[in-house]
Each structure stands twice: as C-alpha cells, then as structure tokens.
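Colleague: Fold the stuff below for me.
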Amino acid sequence: MGISKLKILILFVVCSFSLASCQNKKMEEKYNWLGTISAPQEYPMEIYKGAIIADDFTYSFDAIWGTQNTGWGNEGGTMSVSTQNMNIPSQLEFTWYSLVENKFYTGKWDLDKDKIAELFKNGFIDQDTKKKTTYNNFIVGLAPKGRVVLWINGPGNQKEVSVFQAHDTVITKEKAYENAKYMLKEGFADRMLNDPSYETFKPEVRAKIKEQGYPAPGIYDVYRERYNWKPSVILPDGAEWIDFGFKNYNGEQENLFGESLHNDSYQKRAVPKFCGFYWRDKSKNRYAVWIDSFDEKEIFELFQKLGKEDNIDFVIKVDNDNAKASLSLKTKTQEVSINKAKIRLSQKIE
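Modeller: Numbers count the residues shown, from 1 in each chain. This next block holds a predicted model:
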C-alpha cells in the first residue's frame, strides 16, 4: 500500500471515530433538572460552595444557601435557572461547614452517568396525571463525618443515586471568600446551635437533643441497610386497596397505585419511616390510614430480628369502620407486632 493511500485510510478511520463520537454526544438525552440540599434536623450544615456539573451546565451552591437542616432526605429550597434540557451530570463537588462538629468537609466525585440516565429514562407514572413522567431534582445530602448521599427526586418518588465520603479541610477567615466569612466569626457555631433566638432547630428537635443528645453519626449509614419487604394491607371483606405511599429512613420514597401496586413484589428496601394509603369499602366509601411515625428503636430492632434473608410482609390490618389498625412484620416462619407507631385513621371521606 502506498504512503498516500495509507494516509487516506488513517484519515478515514479518525474521521469515522470522530463522527461516531459526535453522534453519541448528539444522541445523549437531555432533561430539565435542578438541585437542592438535605441535612439532618439535628445536624445543621452551613453551605460554603458546591456544584452539580454536566458537560453543558453547572448548578452551583454557595453561602447564599445558608444553614440547611430540613431533615434527612427532605428537600430544601431550589434556585431557579433559565437553562432548559441539560445533559446528565457527571460530577459533584461540595464544601460545607458542619456546625455540630465545628469542622469543614470537602470532596469532588465522579457520578455514575449510566445509572442516572437509566433512572431518567425509566421515570415513573405520576398518580395525579396518570401519565409517565421523570425525575426533576437532585438532592445533595450532607451528614456527619463527611458522608454525602445523592438522591434523585420527582413527584412522590425518590431514589438514592450514590454515596460518597468527603474529607475534612481547613478554611481560615483570610482564605474564605467575602460572603462566607461570617462562618469563621468567633462563636458563630455556638450561637447557631445554642441560642434559641436563631431558630436553627424546631422546638421539638431542640428538646430531643437536650434529652437524648445528638444522634450517633453512623446512624445515616444504618439507615441505608435494606431488607426484602413489601407492604401488605388486610381490609374488611369486599374492600379495595387504592394506593400506598411511603418514605424510608434512607430518604428513598415510593408511590404505589394501579399497576405498580398490583405488581409490587418483595424488594430490597430500607426500613420505612412513614407511610399512608387510601381504601374503599364494599359500599365505595373512601377512607385513609396514615402511619405518621414509628418508634425508631423498635422498628429497627424488629427488622433486624427478622433479618435480610427472608421475605418480609409489612402488614397493616384495618377494621370494618376504619377505627383501628394493627401493624406487624411477617415472614413464613414468624410474625412480630409493631406496637409504638403513631397511627391516624380518617372518617369516611366524602
């Protein structure tokens, strides 16, 4: 083969690869998404700077976000942007000040674009519209000891995307940018944590901290442990189970109805934190049941007792007039009662 023909062949191959690369970039699906912050109610975090980064767009965080502690897995506020249809993000970076620990953390991590793309593509059916939709928000969770969790969120649904570990860092008043210097003022953390006039904590959270102390920092990893379970509702004869919405201690959330309720199976899920559902009796009267909260110690001990190997039914048995409900966890070989949950039951809903 002559030198000129070899050059042409090489050029053809290079151009082919370049064209394929360009086509792949053009074919990548784009979605509308924003970002927000989550931190435990007992562990307020002060935002220093951060970003969710895509090839064509960066969603930024800085000190304007202030103190965040909406509750683990709960959304904070969002900043609107003019950009529409962004690429799937590929990186996350974050630096924050943990007030209770009096320590800054920082880190930068690559995101699993394939996993995020699959979540966006699969989406879910919106119960209100009965149409397929998808996620529209990323939630960056900041926990003690530098633990970071990234969730993806949409109406009634929330999934854990990734978990990361940040490392501690030192930021001095001289090093900090102007709008963040307030974090380095002497006594700032102490005032935020201990002066009730700052309203950093809700009164009930402050009272709980005073009585029990701060939660063990490792609890946010315990929350992520999964068991093979599904909800199982036992209703009076002739009644119809309509839906089941629940959020778990690890921040994930599901909304089952219609086909997703009918086809629900045992899945590796974290321990439920609260849940609720509607049902109709044989006369088509509608009722609601809400388990507003569990006793955390009890519910975790019961799941741990049944273990991660067996399938577990989370059983809710409702009496004829929706005046009483009993809760239990059940496997093929044993059943344990849940006794300390806070349950609300509706009267007939017109």
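
Colleague: hey, let's count contacts and neighbours off CA atoms from now on
Modeller: Noted.

Colleague: Look up how far Ala180 lies from Glu199.
Modeller: 20 Å (Cα to Cα, to the nearest Å).

Colleague: So for those two, which sits in the more crowded spot?
Modeller: Ala180 (19 against 12; other Cα atoms under 10 Å).

Colleague: just the helices in the stretch 51-200 of the chain please.
Modeller: With DSSP state H, counting those that start in this stretch, the ranges of helices along the stretch 51-200 of the chain come out as 113-122, 188-194.

Colleague: Distance from the last one to the middle of the chain?
Modeller: Think helix 188-194. Relative to its chain's centre, helix 188-194 lies at 27 Å (Cα atoms, centre = their mean, to the nearest Å).

Colleague: what does the first one give?
Modeller: Remark: helix 113-122 is offset 16 Å from the chain centroid, using Cα atoms, centre = their mean.

Colleague: switch to numbering from 11
Modeller: Renumbered: residue one is now 11, and that last one reads helix 123-132.

Colleague: list the buried ones in that helix?
Modeller: Within helix 123-132, the residues that qualify as buried are 123, 126-127, 129-130, counting by 16 or more other Cα atoms under 10 Å.

Colleague: now swap in the last one and tell me
Modeller: The neighbour-count check on helix 198-204 (16+ other Cα under 10 Å) flags 199, 202-203 as buried.

Colleague: what do you get for stretch 239-254?
Modeller: Buried residues in stretch 239-254, counted by 16+ other Cα under 10 Å: 239-243, 245, 249-254.

Colleague: again, but for stretch 174-192
Modeller: For stretch 174-192, the neighbour count (16+ other Cα under 10 Å) marks 174-176, 178, 181, 190-191 as buried.

Colleague: Per-residue pLDDT of Asn79, please?
Modeller: For Asn79, the pLDDT comes out at 97.

Colleague: related to what we said a few turns ago, now for the buried residues of stretch 239-254, which pair is the farthest apart?
Modeller: Greatest spacing in those, by Cα to Cα: Trp239 and Ala249 (23.2 Å).

Colleague: returning to what we had before: possible to save the buried residues of helix 198-204 as a markdown table with distance to Glu345 and pLDDT?
Modeller: As requested, the buried residues of helix 198-204 are arranged in a markdown table below (distance: Cα to Cα, whole Å; pLDDT from 0 to 100):
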| residue | distance to Glu345 | pLDDT |
| --- | --- | --- |
| Ala199 | 47 | 97 |
| Met202 | 45 | 97 |
| Leu203 | 43 | 97 |
